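Q: Just need the structure, nothing else, for what follows:
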Amino acid sequence: MFVLSSGQGLPQIGELALAVVLSAAIGLERELRFKNAGLRTHALVGLGAALFMLVSKYGFFDVLGEHVSLDPSRVAAQVVSGIGFIGGGLIFVRRDAVRGLTTAAVVWVTAAIGMACGAGLPVLAVAVTAGHFLVILGLNVVVRRLPAHGYTMSHLRLVYLDGTGTLRDALVACTRRGFAVTEVAAERAGHGEIPDAGRAHGRERAEPGPTGGRTVSVTLGLRGRGSVTDLTAELSELPAVLAVNAGDGTDRD
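A: Numbers count the residues shown, from 1 in each chain. Predicted structure coming up:
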């Protein structure tokens, strides 16, 4: 057998290769779903975790002696803590919505799979990889059947001419289409101005209304089972509305 030194033979190379394959499979699923951490990130996390395990197992044999004893698990414990920094970087908050939790958890599981490969536990590594796909893909069917899953959180930005009663009409439209308004935040934009945020997405009317009219920008937090697209289309037809755009407030993992 080709062996350079203790811990540097074909078995260890095979463990690293298995870590890359399993981690890349998980990363490919994340990549295809356009998540923040994709194929390369997961493959590197799994490979690095496996190497750390091998270093922890074999990297300090030359310093062992009568008065020196080492705990092989010490490096592995630091991997568990260190991977939290990567996971934390994938989680961010937008208004009241937390995003990236599932992706961070998947990176954490990928590190565990890499560690299992490096520890010489290939059956457990393969089993956990299969468990990942069962949870991510299989449980989606269960989640969709939950009663509360039909309720979505969204944020809708509305720009309209002040003093026209448009906000009242918009709230009525939201209620009629099955939404509860959980948040209302307003700011005045000036005379005849349409804020850049109102131009970025959604529907914008071609005619801004009477010259010199003061505009108001309102952000509505919505929760309900209705169609945000249909609501946006209805609000864009209100006479004094200048622009409407909607953003999903749900957790995009």
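Q: now the helices for the stretch 151-253 of the chain?
A: Secondary structure of the stretch 151-253 of the chain, counting by DSSP state H, counting those that start in this stretch: helices at 166-176, 196-200, 228-236.
Q: Just put the ones you listed in a markdown table and tack on distance to residue 111 and mean neighbour count.
A: Placement of C-beta: from N, CA and C, glycine included. Shown next, in a markdown table, are the helices of the stretch 151-253 of the chain (distance: least, Cβ to Cβ, whole Å; neighbours: other Cβ atoms under 10 Å):
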| stretch | distance to residue 111 | mean neighbour count |
| --- | --- | --- |
| helix 166-176 | 44 | 16 |
| helix 196-200 | 37 | 14 |
| helix 228-236 | 37 | 17 |
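Q: Those helices: lowest mean pLDDT?
A: Between those, the lowest average pLDDT goes to helix 196-200, which shows a mean of 42.
Q: Out of the helices of the stretch 151-253 of the chain, the one nearest residue 13 is which?
A: Nearest of the helices of the stretch 151-253 of the chain to residue 13, taken as Cβ to Cβ: helix 196-200 at 50.3 Å.
Q: Out of the helices and strands in this structure, which is least certain?
A: helix 196-200 (a mean of 42; mean pLDDT, DSSP states H and E).
Q: re the thing from before, so which of the helices of the stretch 151-253 of the chain gets nearest residue 7?
A: Distance to residue 7, taken as Cβ to Cβ, is lowest for helix 196-200 among those, at 54.7 Å.
Q: Where do the strands of this structure begin and end?
A: With DSSP state E as the criterion, the chain has strands at 92-94, 97-99, 152-161, 179-191, 203-204, 214-224, 241-248.
Q: Outside of the top helix by length along the chain itself, list whatever touches it.
A: For the chain, the helix that runs over the most residues, judged by DSSP state H, is helix 10-32. For helix 10-32, the external contacting residues (Cβ atoms under 8 Å, 6 or more residues apart in numbering) are 1-3, 37-47, 49-51, 54, 58, 103, 106, 109-110, 113-114, 117-118, 120, 122, 125-126, 129, 132-133, 136-137.
Q: Could you list the low-pLDDT ranges of the protein?
A: 1-6, 62-69, 92-98, 143-144, 146-152, 188-213, 247-253 (pLDDT under 70).
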